[in-house]
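Asks: Pasting the sequence and the predicted coordinates here, then a few questions.
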Amino acid sequence: MDSIFGVVVAAGRSVRMGQGVNKQFLPLSGLPVLARSLQVFEEAVPVKGYVLVMAEGEVDRASRLARQEWGCRKLLAVVPGGERRQDSVRKGLEALPAEAEIVLVHDGARPLVGVEELVAVASEAARWGAATLAVPVKDTVKEAGTDGFVVRTLPREALWLTQTPQAFRYSLLREAHQRAEAEKFTATDDASLVEALGHRVKLVPGSYRNIKITTPEDLAVAEALLRAPSITGDDQRG
Ligand SMILES: Nc1ccn([C@@H]2O[C@H](COP(=O)(O)OP(=O)(O)OP(=O)(O)O)[C@@H](O)[C@H]2O)c(=O)n1
Ligand SMILES: C[C@](O)(CO)[C@H](O)COP(=O)(O)O
């Protein structure tokens, strides 16, 4: 059995949430978004431990809340993040113990992921080296020009929305981050950095419930989903 660890990033600025606070501290059905995200790592038995990445000024607060109020027992360290998401992930990776073989990278802003999804993506990473949860696109996607007109319509059958956790062999993800640093390459997810190495990333079908809390309406949607645990919408492909 591979040694599985996690990195949860929550060091962003929450600009699109527009409330002037870290969105991951906002309450979601009575519990902060971040507490819910960490709970999944606590409950996933194969996960041995995880590192939390926070903005520099929130490290102490998050550490106290997680350990004293949210009951986080597998939390190994809370470390300061960086300017870009990938900087925060890199700093989290550097704080993992040497025994880490598989690493799950998760957005603190995705509180609705299920334990079984987390375990599934880790298991695919153990097999393929790199894997990400993803769901098929439901809308028709247009590529636009700077003039605001459509350039082309993309073939929907081939399009997936990627989520987190994304899981990787630790050595592969470290190499991908080091290469991105050396080549000044920025990407919005870790899978892209691994793809840039020429390594294949396995898509693991996830759930439409696993939304990212980005704008205010996402909180309302997440509240509704928590009230209706049986709604998944995962069969609605087309
Ligand atoms: N420098 C950064 C940027 C983002 N994140 C984290 O990466 C996840 C996904 O990012 P996103 O949802 O875009 O969060 P923000 O960057 O905070 O959002 P915004 O662009 O609206 O400021 C979030 O959990 C966020 O806290 C991070 O740890 N460090
Ligand atoms: C990692 C991610 O959640 C996958 O969908 C997403 O790319 C994060 O992007 P953001 O711009 O930081 O929201």
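Replies: Great, that's in hand. Ligands and ions are numbered 1, 2, ... in the order given.
Asks: so the residue in the chain that ligand 1 sits nearest to, which of the three states?
Replies: Nearest to ligand 1, among the residues of the chain, is Gly12, at 2.1 Å (C-beta to the nearest ligand atom). From N, CA and C alone the C-beta is placed, and that goes for glycine too. Here Gly12 is recorded as coil under DSSP: H, G, I helix; E, B strand; the rest coil.
Asks: for it, what are its contacts?
Replies: Taking C-beta atoms under 8 Å, 6 or more residues apart in numbering, we find Gly12 in contact with Asn22, Ala55, Gly81, Arg85, Ser88, Ala109.
Asks: how about 7 Å then?
Replies: Arg85 (C-beta atoms under 7 Å, 6 or more residues apart in numbering).
Asks: Sketch out the low-pLDDT regions of the chain for me.
Replies: The chain contains residues with pLDDT under 70 at 1, 233, 235-238.
Asks: and the longest strand that the chain contains, does that touch ligand 1?
Replies: Counting by DSSP state E, the longest strand found in the chain is strand 160-169. No - using C-beta under 6 Å from any ligand atom, strand 160-169 never reaches ligand 1; the gap is at least 7.9 Å.
Asks: Number the chain from 56, please
Replies: All set: I'll call the first residue 56, so the last point we hit is now strand 215-224.
Asks: Can you tell me how far the closest residue to Leu227 other than its chain neighbours is from ligand 2?
Replies: Spatial nearest neighbour of Leu227, excluding adjacent residues (C-beta to C-beta, 6 or more residues apart in numbering): Gly184 at 5.3 Å. Taking C-beta to the nearest ligand atom, to the nearest Å as the measure, Gly184 falls 18 Å from ligand 2.
Asks: is it true that Gly184 touches His254?
Replies: Yes - Gly184 is in contact with His254 according to C-beta atoms under 7 Å; the separation is 6.2 Å.
Asks: intersection of neighbour lists for these two?
Replies: Leu227.
Asks: Three-state assignment for the residue lying farthest from the centre of the chain, please.
Replies: Distance from the C-alpha centroid of the chain, by C-alpha atoms, centre = their mean, peaks at Asp202 (32.8 Å). Here Asp202 is recorded as coil under three-state DSSP.
Asks: Now do the contacts for the residue nearest to Gln218 when sequence neighbours are not counted.
Replies: Take Gln218 and drop its neighbours on the chain: the residue closest to it by C-beta to C-beta, 6+ apart is Leu188, 4.3 Å away. Shown in contact with Leu188 (C-beta under 7 Å, 6+ apart): Glu172, Val176, Gln218, Thr219, Pro220, Val259, Gly261, Asn265.
Asks: would you turn those into TSV with distance to Pro271 and neighbour count?
Replies: Shown next, in TSV, are these (distance: C-beta to C-beta, whole Å; neighbours: other C-beta atoms under 10 Å):
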residue	distance to Pro271	neighbour count
Glu172	25	21
Val176	28	29
Gln218	20	25
Thr219	21	26
Pro220	25	34
Val259	29	21
Gly261	23	25
Asn265	19	22
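Asks: Can you add distance to Val106 and give the residues you listed back as JSON lines?
Replies: Shown next, in JSON lines, are the contacts of Leu188 (distance: C-beta to C-beta, whole Å):
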{"residue": "Glu172", "distance to Val106": "20"}
{"residue": "Val176", "distance to Val106": "18"}
{"residue": "Gln218", "distance to Val106": "20"}
{"residue": "Thr219", "distance to Val106": "15"}
{"residue": "Pro220", "distance to Val106": "13"}
{"residue": "Val259", "distance to Val106": "22"}
{"residue": "Gly261", "distance to Val106": "23"}
{"residue": "Asn265", "distance to Val106": "21"}
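Asks: Tell me the one of these nearest Ala237?
Replies: Thr219 (24.5 Å; C-beta to C-beta).
Asks: thinking the closest one is in contact with Asp162, fair?
Replies: Yes - the pair Thr219 and Asp162 qualifies as a contact (C-beta under 7 Å) at a distance of 4.8 Å.
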